[in-house]
Structures are given as structure tokens and as C-alpha cells.
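Peer 1: Curious how this folds, go ahead:
(one chain, ligands or ions: 1)
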Amino acid sequence: MISAMPASTSPSSFPIDLRSDTVTRPTPAMRRAMAEAEVGDDVYGEDPTVNRLQARAAEIFEREAALFVPSGSMGNLLAIKTWARPGMEVICEQRSHIVNYELASMSAVAGCMPCTVAAADGILTWATIEPLIRPKGYYYAPTGLIELENTHNLHGGAVYPPAVVDEICDRAHTAGLRVHLDGARIFNAGVALGRGVAELTRMFDSVMFCLSKGLGAPVGSMLVGSRDFIDQARVGRKMLGGGMRQAGVLAAAGLVALEESPKTLHRDHENARFLAEGLAQIPGIVLDPRKVVTNIVIFEIRAEGRTAQEVCAELARRNVLCGAMGKQQVRMVTHYDVDCAGVERAISEMASLLGGPKS
Ligand SMILES: *Cc1c(COP(=O)(O)O)cnc(C)c1O
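Peer 2: Prediction:
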């Protein structure tokens, strides 16, 4: 007789992929919606599914308009190109995605220069931003835009306190400056704070969010803002080669992601916290689990003679995939394709690699 084994959806032969929440595959509901999507030519504005996705995103964020873009990087770049002119500076946090993971597109394509400042947990405040704003003067590159990232990827999914965001936007507007949000994971911030995304983003001049991260769509991000901003961004998108034709097959998955996925993000956060608490028990790992409030876990490897790369390579051989960030840091990201059993396996493989839990 077969004994009652606890059901596990993650046998050790099955890779646990914690490299990013971009690795999610479309759900069966997304696949169905894609197969059945009504389509048209979106460069003519005639794809009904793209139009529905854009209208729905605008409605959820309580804005005039939205634009479907192929990637979050393009969305951020379009915001910079739309708000700032070549020769201007963009104020952003030192470890922001726009500076670290988008090539040098703001310089190479938009002609702008980043003006970065390091902030604790990646959370800028008006006090850190204000001294960076250039005074008017013949010698200075004028400040063209302020950019915030919520949640902050390289700072372990840190969430902006709403009052901090509101103060930055309010003061920036008084100073005549625009503020763009890289809200790739703004729905994660919403879940962590128990607030709606419209409320969290109401003060920004433009917002980018990703359908392809924790929301699980195969492709695409959205820009939201005023009608005028979106009209300009649409022209910029075409200029970058991002005008798509029957993109309704992608937008259909995006609509499912937008409606359904925010409801289950709390599970990713619970799994991330559980993962962090387990990892924090392992000698050679430096991690404060209380800082893990969304779906990203970043920790330091402090084991004699081991680099983050070596640890990640060793884990990959044990079918646990994660990302090395520099010499000492490792990042693990939870998402709907990783369940609790998978997280347990990641912890136990790491413990066996580094030598068991702390005694
Ligand atoms: C993923 C991500 C983006 C956009 O990435 P794409 O891969 O271009 O879609 C932007 N900002 C942050 C913080 C991200 O994590």
C-alpha cells in the first residue's frame, strides 16, 4: 500500500525559480483569453482588446489615459523623454532600476543625465532630493524630472510610506518639477500597505507598472497619466519602434493579470517572509526578515571564502535558482509559480550548502 505522503508540488527534480517574478508563465485563464482575443491594428488604434486594457488601467489608477508598452524599461524611458529635454538631469535613487538595469537609455536615447543619491532602504525624501535640484544658472544642467521606485527592487522590495511620496510630489510640484513613478511592482506595495494603487499614485505626474512581473502576464507594461502625457508617450513609443499591431493577444493576458493577480499577491509576500525567516537562521547569511514586506528577499553571504556567485551556482546544481548581485548579495523573488513547499526546499538546500541552521 502506498503510504500517505504529504502532497508536494515541488519534487527536487523540479527547479524552484527564485531569480525574478518575471519568470512566471501565463496562467490557463491567460492562455484562454489570448486564444480568444479580439484583435485589430493597434497602430491605427483599432485593437479592441488593447483599448480595453488601456481603459481599464486608466480606470483602476483613476487617470485620464493609459498606454500599453512592450516593457517597463520602455515605459520609464518614454516618461523621461516626455517630461525632460536632452541636457537635463533626472533625480533618482542610486540603486534605482532606471540607473542600474536599463542600460544607459536615459542618456543614450533621451539625452538626460542621472543625478543619483543613495537613500536608506532606497526611500528618497524631500530632504534628500531638494539639495539636488539645480538652481537656475548658465552652468547647470537643469533638473528635468524626479523619479521614485515603489517597491524598490534593489532594496529588497522596500515600500514607500504614502506620506513621504505625497510630500515629495507636493514640494516638487511647487518647485515646478514633475515626478514619475517606476511602479513596476506598485500592486505589491498596495497589498503590503492595504491601500489601492490609485491612492498610492495619485500625486505622480506619470506612472509605469508591469503586467509581466508578479501579475504574471507574459509581456507588457502600462504607462498611466493625463490624456496629453499619454498622447505624447504614444508618439514616443512609435519612435522607439514600439508600435505594435495585433497586440490584443498580449493585452488579453494583461487584462486577466490586472483583474485577477493582485488578489493573490499576498501569498507571494507570505512566502517571501517565510523564506526570509528560514534563511536568517542559517549561519553565513545576514538578513533581517522584518525588512521583507513584499516579494523580494535580498541577503548577504558572509561565509568564509564564498561569493554570492558560487553560492548561486551551487544552488542551481540543486535546482534552486536565484540571482547574485555583486560579490556578497543574493536576491530571491517569490511569485505564483513558487509555492510553500518550494520555499521550504530553497531554505533546506541553502542550509545544507552552508552547514545547517544556527545552533
Ligand atoms: C522589471 C522592472 C522594470 C522594467 O523591466 P522590463 O524588464 O523592461 O519590463 C522597471 N523597474 C523595476 C523596478 C523593475 O523591477
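Peer 1: contacting residues for the closest residue to the ligand within the chain?
Peer 2: In the chain, the residue that lies nearest the ligand is Gly72 (2.4 Å; C-beta to the nearest ligand atom). Glycine gets a C-beta too; all of them are placed from N, C-alpha and C. By C-beta atoms under 8 Å, 6 or more residues apart in numbering, the contact list for Gly72 reads 97, 182, 184, 208-210, 212-213, 221.
Peer 1: pretty sure Ala119 contacts Ile129?
Peer 2: No - Ala119 is beyond contact range of Ile129, at 9.3 Å (criterion: C-beta atoms under 8 Å).
Peer 1: ok, the residue of the chain closest to the ligand to Val117 distance?
Peer 2: According to C-beta to C-beta, to the nearest Å, Gly72 stands 22 Å off from Val117.
Peer 1: same question, Gln94
Peer 2: Gln94 sits 6 Å away from Val117, taking C-beta to C-beta as the criterion.
Peer 1: so how far is Glu130 from the nearest residue to Gly40 once chain neighbours are set aside?
Peer 2: Of all residues not flanking Gly40 in the chain, Glu46 sits nearest, at 3.6 Å (C-beta to C-beta, 6 or more residues apart in numbering). Distance of Glu46 to Glu130, computed by C-beta to C-beta: 46 Å.
Peer 1: Ok, Ser261 next?
Peer 2: Applying C-beta to C-beta, the value for Ser261 to Glu130 is 37 Å.
Peer 1: Same check on Leu287?
Peer 2: Distance from Leu287 to Glu130, by C-beta to C-beta: 33 Å.
Peer 1: between the two, who's got more neighbours?
Peer 2: Leu287 (21 against 13; other C-beta atoms under 10 Å).
Peer 1: got the contact list for the residue nearest the centre of the chain?
Peer 2: Here the mean C-alpha position of the chain is nearest to the C-alpha of Ala184 (C-alpha atoms, centre = their mean), at a distance of 3.3 Å. For Ala184, the contact set (C-beta under 8 Å, 6+ apart) comprises 72, 97, 149, 151, 153, 208-210, 213, 221.
Peer 1: Tell me which two in those are the farthest apart.
Peer 2: In those, the most distant members under the criterion C-beta to C-beta are Thr151 and Ser221, with 15.0 Å between them.
Peer 1: sec struct for the residue nearest to Ala37 when sequence neighbours are not counted, please.
Peer 2: Distances taken as C-beta to C-beta, 6+ apart put Ala252 closest to Ala37, at 3.7 Å, once the chain neighbours are dropped. Under DSSP: H, G, I helix; E, B strand; the rest coil, Ala252 falls in the helix class.
Peer 1: list the contacts for Ala252?
Peer 2: So Ala252 contacts 30, 33-34, 36-37, 49, 53 (C-beta under 8 Å, 6+ apart).
Peer 1: now swap in Asp228 and tell me
Peer 2: Contacts of Asp228 (C-beta under 8 Å, 6+ apart): none.
Peer 1: could I have whichever strand or helix holds it exported to PDB, CA atoms only?
Peer 2: Take DSSP states H and E as the rule and Asp228 turns out to sit in helix 227-239. Extracted in PDB, the C-alpha atoms of helix 227-239 (Å, rounded to 0.1, in the frame of the first residue of the first chain):
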ATOM      1  CA  ARG A 227      -4.500  62.400 -21.800                       C
ATOM      2  CA  ASP A 228      -1.900  64.800 -23.000                       C
ATOM      3  CA  PHE A 229       1.000  62.900 -21.500                       C
ATOM      4  CA  ILE A 230      -0.200  59.600 -23.000                       C
ATOM      5  CA  ASP A 231      -0.700  61.200 -26.400                       C
ATOM      6  CA  GLN A 232       3.000  62.300 -26.300                       C
ATOM      7  CA  ALA A 233       4.200  58.900 -25.000                       C
ATOM      8  CA  ARG A 234       2.300  57.100 -27.800                       C
ATOM      9  CA  VAL A 235       4.300  59.100 -30.400                       C
ATOM     10  CA  GLY A 236       7.500  58.400 -28.500                       C
ATOM     11  CA  ARG A 237       6.600  54.700 -28.400                       C
ATOM     12  CA  LYS A 238       6.300  54.600 -32.200                       C
ATOM     13  CA  MET A 239       9.600  56.400 -32.500                       C
END
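Peer 1: Would you map the strands across the stretch 101-250 of the chain?
Peer 2: Taking DSSP state E, counting those that start in this stretch, the strands of the stretch 101-250 of the chain run over residues 113-117, 143-149, 179-182, 206-210, 221-225.
Peer 1: Next, format those strands as JSON lines and append mean neighbour count and distance to the ligand.
Peer 2: Formatted as JSON lines, those follow (neighbours: other C-beta atoms under 10 Å; distance: least, C-beta to the nearest ligand atom, whole Å):
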{"stretch": "strand 113-117", "mean neighbour count": "17", "distance to the ligand": "14"}
{"stretch": "strand 143-149", "mean neighbour count": "26", "distance to the ligand": "5"}
{"stretch": "strand 179-182", "mean neighbour count": "27", "distance to the ligand": "5"}
{"stretch": "strand 206-210", "mean neighbour count": "28", "distance to the ligand": "5"}
{"stretch": "strand 221-225", "mean neighbour count": "28", "distance to the ligand": "5"}
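Peer 1: Just tell me which of those strands ends up closest to Glu300.
Peer 2: With C-beta to C-beta as the yardstick, what comes closest out of these is strand 143-149 (21.2 Å).
Peer 1: With that, I have no additional questions.
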